[in-house]
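[1] Build the 3D model from these lines:
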Amino acid sequence: MARLVGVVASLREHCKWTQALTHESLIPYLIEEAYELADVVEASGPLDAQALKGELGDVLYQIVLHSLLQSESGGFTLADVAQTLRTKLVRRNGHVFRPDGSLQDHFPESIAEIERSYEAAKAQETHGEESVFESLPDSLPALSLAAKTLDRVEGRTGGRGDGPDAPAGRDMAGPPQTEDALGELLFQVVRDARARGLDAERALRTAVHKFQRQ
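    Take a look at the predicted model:
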């Protein structure tokens, strides 16, 4: 990691293109690299480990760049990012770690118990938020944003449903005639998919890729 940071620092010093990068200008590259990583994982056939390693490296490059930009201006370093993540993982996973980072004597055996423990720890951090949706990034793809919104509602209500029902009295039989109606229809599709354990975002991407191949 130290050698990698050294290489990136040299690029910042001697490459005018890399020198011109900012946190804002890096965002499109970070999003693109994340999707390229997802493409490798979701590709049909056996997982291509070499391609996965390369894409993970591209995502790591973005993290190193953002950290280096901060360190150049007297902010945090990559080591600070790693320490922040370590502290967060220990704090949020009390079912595995004690507050000092040592392991618990016993660990939950059910996924449901683990999820309850994690969400309770996370809720303690965010109790001051005005909305349960406050930390959801608006830049998420719309289908993913819809699914995560429903996850947040269910987490807040203890799994007692997905919040407000779909608008009553709207005729969903025919094709939607407005963007508002289309949005409500798509949101209901996400609700239905989620109730069946399906990922609407991944399903649509798969269908688009199938269409492209055809």
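[2] Stretch 10-26: end-to-end distance?
    18 Å (CA to CA, to the nearest Å).
[3] I'd like the distance from that stretch to the chain centre, please.
    26 Å (CA atoms, centre = their mean, to the nearest Å).
[4] go on, stretch 2-13?
    Centre to centre, stretch against its chain (CA atoms, centre = their mean), the figure for stretch 2-13 is 27 Å.
[5] Buried residues of it, list them for me.
    Neighbour-count burial for stretch 2-13 flags 5, 8, 11-12 (criterion: 16 or more other CB atoms under 10 Å). To be clear about C-beta, it is placed using only N, CA and C from the backbone, and glycine gets the same treatment.
[6] ok, residues contacting it?
    Residues outside stretch 2-13 that contact it (CB atoms under 8 Å, 6 or more residues apart in numbering) are 18-19, 21, 60-61, 64-65, 68, 72, 78.
[7] Identify those among these that sit within strands.
    With strands taken from DSSP state E, there is no overlap with the contacts of stretch 2-13.
[8] Name the pair among these with the greatest separation in space.
    Gln19 and Leu60 (20.3 Å; CB to CB).
[9] who has more neighbours, these two?
    Leu60 (14 against 10; other CB atoms under 10 Å).
[10] for the more buried one, what are its contacts?
    Leu4.
[11] how about the helices in the chain?
    Taking DSSP state H as the test, the helices found in the chain are 2-14, 16-19, 23-42, 49-72, 78-92, 111-125, 142-156, 179-195, 200-213.
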